[in-house]
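S.K.: 3D model of this:
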Amino acid sequence: MRAQTAMIVALAIGAVLVVSGQTGRPATLVVVGGTVITGDPAGRILSPGAVAIGGAEILAVDTPDAIHSRYRATETVMARDQIVMPGLVNTHTHAPMVMYRGLADDLPLMEWLEQYIFPAEAGTVSPEFVRVGTRLALLEMIESGTTTFADMYYFEEEIAKATREAGMRGMLGQTIIRFPVADAKTPAEGLARAEAFIKAFGRDELIVRAVAPHAMYTLDKETLVASAELGRRLRAPVLIHLAETAEEVRNARQVHHMTPTGYLDAIGFWGPRSVVAHGVWVDDDDIQILKRHRVGVSHNPVSNMKLASGTAPTLKYLAAGVALGLGTDGAASNNDLDMFETMKQAALLAKLSAGDPTKIPARTALELATIGGARALGLEQAIGSLEVGKRADLIVIGTASARQTPLYDPISHLLYASRGTDVRTTIVNGKILMKDRQLRTLDASQVLADARRLSVKVREAVGR
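M.R.: Numbers count the residues shown, from 1 in each chain. Model prediction:
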């Protein structure tokens, strides 16, 4: 008890000295106290720890005393009795589809898509719909600790604007699909929109622009090849759905006499900046193809279970060295964007499928949601861990609730006890987006009011 009291006093004194600016180099922000899970290659956990930030960059990760002796802060976040960790990386979602949350549940994928989602999109998607839905998704992600997300949707320029305004980091892909949609009547128009989107946003500190051909079963060969070539020419990632259902694989074998992965390989689609969502129905040869081309894979356990699409072979992916991350998918099929839920379900599903409780332990699942997701997106040099020189994307998680008491192992708590609502502070690129549950870059009441107003139009459009 005495030791604990002494530590608390030392942290408080250290925080005051850091804020006072009496010593050291300037830092724009210091997060001090609590347990710091770095996620670095050595797996360092500092308790207590502190992170010094200069602008968008991490300057140091060390003890509070060490940080105090070297830096003086413009602003300090006190994280005593809390956990500081890298921000969560959601490797696959469709942000505006939060507006379809709960619109059609408990259905197989193709019935859900063809009879409900595609018709709903035809009647409701517009620039306003995308703006309002994206802002709602960003609010949910900031509040639950996601700092980077990969997105595929329409009017992606609206998603990019909203993302940048909210201070979030996104890999954003303009969707290309074979049938007429709200922003493109033909695949050729979709490709043109994708190129215009990529060029319009140029080099942006927060936005990575991408090409997003929807799937092999919704596009012909020429468009798939053109999408891949566009990505190579503009040095942009290419995002695609892959092998989500057994039906998709059966149809590919009937038409092309190959798996979807093999077919895309045969037409020269894969490149080192490809990211696939789902990858559920793949065989050993498919996994080797993805590994050879350094394709990132987004595992979406909650969506896959809800749609009964199948169980991705995560253990095989990991054993093969495939870059594997986690995604929520859109809230229309999840029905939330809480990466804490996704982490837990990824771990539990792997254990159940293997009949082995040691598979995907807590530390591995946490890595899949942070540095693993960064690798899958090709961003591991910039984000995914708290290391000097990386972007300052980090979150602070409260541990004071009954559900989190007692606390013996912080990583166990993050996986098996914590939820998105436990996130107290979210920082992206060195900027505080939320501190102590208070939003700084979004007006939550306005975002929610806009979403509720738009939901009336969605209900009317789909006859619900």
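
S.K.: and stretch 66-86, C-alpha only, in CSV?
M.R.: Only the C-alpha atoms of stretch 66-86 are listed here, as CSV (Å, rounded to 0.1, in the frame of the first residue of the first chain):
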residue,chain,number,x,y,z
ALA,A,66,13.0,9.7,-17.8
ILE,A,67,10.4,11.6,-19.9
HIS,A,68,10.4,14.5,-17.4
SER,A,69,14.1,14.8,-17.4
ARG,A,70,14.2,15.2,-21.2
TYR,A,71,11.0,16.9,-22.3
ARG,A,72,8.7,19.8,-21.3
ALA,A,73,5.1,19.5,-22.5
THR,A,74,2.6,22.0,-23.9
GLU,A,75,-0.2,19.6,-22.8
THR,A,76,-0.2,16.6,-20.6
VAL,A,77,-2.7,13.6,-20.5
MET,A,78,-2.6,12.0,-17.0
ALA,A,79,-3.2,8.3,-17.4
ARG,A,80,-2.8,7.0,-13.9
ASP,A,81,-4.5,3.7,-13.3
GLN,A,82,-5.1,3.4,-17.0
ILE,A,83,-3.6,1.5,-19.9
VAL,A,84,-1.8,3.4,-22.8
MET,A,85,-1.4,1.4,-26.0
PRO,A,86,-1.2,1.8,-29.8
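
S.K.: buried set for it?
M.R.: Neighbour-count burial for stretch 66-86, counted by 16 or more other C-beta atoms under 10 Å, picks out 66-68, 71-73, 76-79, 82-86. Yep, even glycine has a C-beta here, placed from its N, CA and C like the rest.

S.K.: narrow those to those in helices?
M.R.: Counting by DSSP state H, those place 66-68 in helices.

S.K.: any regions of the stretch 351-464 of the chain where pLDDT drops low?
M.R.: Judged by pLDDT under 70, the stretch 351-464 of the chain has its weakly predicted residues at 464.

S.K.: can you pull out the helices in it?
M.R.: Listed in chain order, the helices found in the stretch 351-464 of the chain under DSSP state H, counting those that start in this stretch are 362-368, 371-376, 410-416, 444-462.

S.K.: hmm, back to that, and which of the buried residues of stretch 66-86 is nearest residue 210?
M.R.: Nearest to residue 210 among the buried residues of stretch 66-86 is residue 86, at 21.9 Å by C-beta to C-beta.

S.K.: okay, and the beta partners of that closest one?
M.R.: Note on residue 86: beta-bridge partners by DSSP bridges are residue 394.

S.K.: check residue 31 too.
M.R.: Beta-bridge partners, per DSSP bridges, of residue 31: residue 51, residue 77.

S.K.: just give me the neighbour total for it.
M.R.: 29 (other C-beta atoms under 10 Å).

S.K.: stretch 217-235: how far from the chain's middle?
M.R.: How far stretch 217-235 lies from its chain's middle: 24 Å, per C-alpha atoms, centre = their mean, to the nearest Å.

S.K.: mind listing what's buried along stretch 34-50?
M.R.: Buried-residue list, stretch 34-50, by 16+ other C-beta under 10 Å: 34-40, 44-46, 48-50.

S.K.: repeat that for stretch 162-169.
M.R.: Within stretch 162-169, the residues that count as buried by 16+ other C-beta under 10 Å are 162-164, 166-169.

S.K.: what lies in contact with it?
M.R.: 131, 134-135, 138, 141-142, 146-149, 170, 172, 204, 206-207, 383, 391, 393, 428-429, 431, 433, 441-442 (C-beta atoms under 8 Å, 6 or more residues apart in numbering).

S.K.: please state the offset of it from the chain centre?
M.R.: Centre-to-centre, stretch 162-169 and its host chain are 14 Å apart (C-alpha atoms, centre = their mean).

S.K.: coming back round to it: dump the ones in helices among the buried residues of stretch 66-86 into a markdown table; add distance to residue 450 as well.
M.R.: Compiled in a markdown table, those are given as follows (distance: C-beta to C-beta, whole Å):
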| residue | distance to residue 450 |
| --- | --- |
| 66 | 45 |
| 67 | 40 |
| 68 | 43 |
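
S.K.: quick one: which of those residues is nearest residue 176?
M.R.: Nearest to residue 176 among those, with distances taken as C-beta to C-beta, is residue 67, at 47.2 Å.

S.K.: contacting residues around the closest one?
M.R.: Contacts of residue 67 by C-beta under 8 Å, 6+ apart are 18, 30, 32, 50-52, 60.

S.K.: which among the helices of the stretch 351-464 of the chain is found nearest to residue 276?
M.R.: Evaluated over the helices of the stretch 351-464 of the chain, closeness to residue 276 peaks at helix 371-376, with 9.1 Å, by C-beta to C-beta.

S.K.: how far does that closest one sit from the chain's center?
M.R.: Relative to the centre of its chain, helix 371-376 is centred 10 Å away, using C-alpha atoms, centre = their mean.

S.K.: report the contact partners of residue 306.
M.R.: Residue 306 neighbours (C-beta under 8 Å, 6+ apart): 105, 333-335.

S.K.: how far away is the nearest residue to residue 176 once chain neighbours are set aside from residue 316?
M.R.: In space, and not counting its chain neighbours, residue 176 is closest to residue 190: 3.6 Å by C-beta to C-beta, 6 or more residues apart in numbering. Going from residue 190 to residue 316 by C-beta to C-beta, to the nearest Å gives 33 Å.

S.K.: would you map the helices across the stretch 151-300 of the chain?
M.R.: 156-166, 187-201, 221-233, 246-256, 260-266, 284-292.

S.K.: rewinding a little: save the buried residues of stretch 34-50 as CSV, and put in distance to residue 244 too.
M.R.: Formatted as CSV, the buried residues of stretch 34-50 follow (distance: C-beta to C-beta, whole Å):
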residue, distance to residue 244
34, 39
35, 38
36, 37
37, 32
38, 34
39, 29
40, 34
44, 37
45, 36
46, 40
48, 44
49, 40
50, 43
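
S.K.: got a markdown table for those residues, with pLDDT too?
M.R.: Below are these laid out as a markdown table (pLDDT from 0 to 100):
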| residue | pLDDT |
| --- | --- |
| 34 | 88 |
| 35 | 97 |
| 36 | 98 |
| 37 | 98 |
| 38 | 98 |
| 39 | 98 |
| 40 | 97 |
| 44 | 97 |
| 45 | 97 |
| 46 | 97 |
| 48 | 96 |
| 49 | 98 |
| 50 | 98 |
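
S.K.: give the burial count for residue 443, as a bare number.
M.R.: A count of nearby residues for residue 443, using other C-beta under 10 Å, gives 12.

S.K.: what's the distance between it and residue 449?
M.R.: As for residue 443, its distance to residue 449 is 9 Å (criterion: C-beta to C-beta).

S.K.: just name the shakiest helix or strand of the protein by mean pLDDT.
M.R.: In the chain, no helix or strand scores lower on mean pLDDT, DSSP states H and E than helix 2-20, which sits at a mean of 42.

S.K.: touching, residue 366 and residue 412? I think so.
M.R.: No. Using C-beta atoms under 8 Å as the test, residue 366 is too far from residue 412 to be in contact (9.8 Å).

S.K.: who has more neighbours, the two?
M.R.: Shown here are residue 366 and residue 412; by other C-beta under 10 Å, residue 366 has more neighbours (23 against 15).
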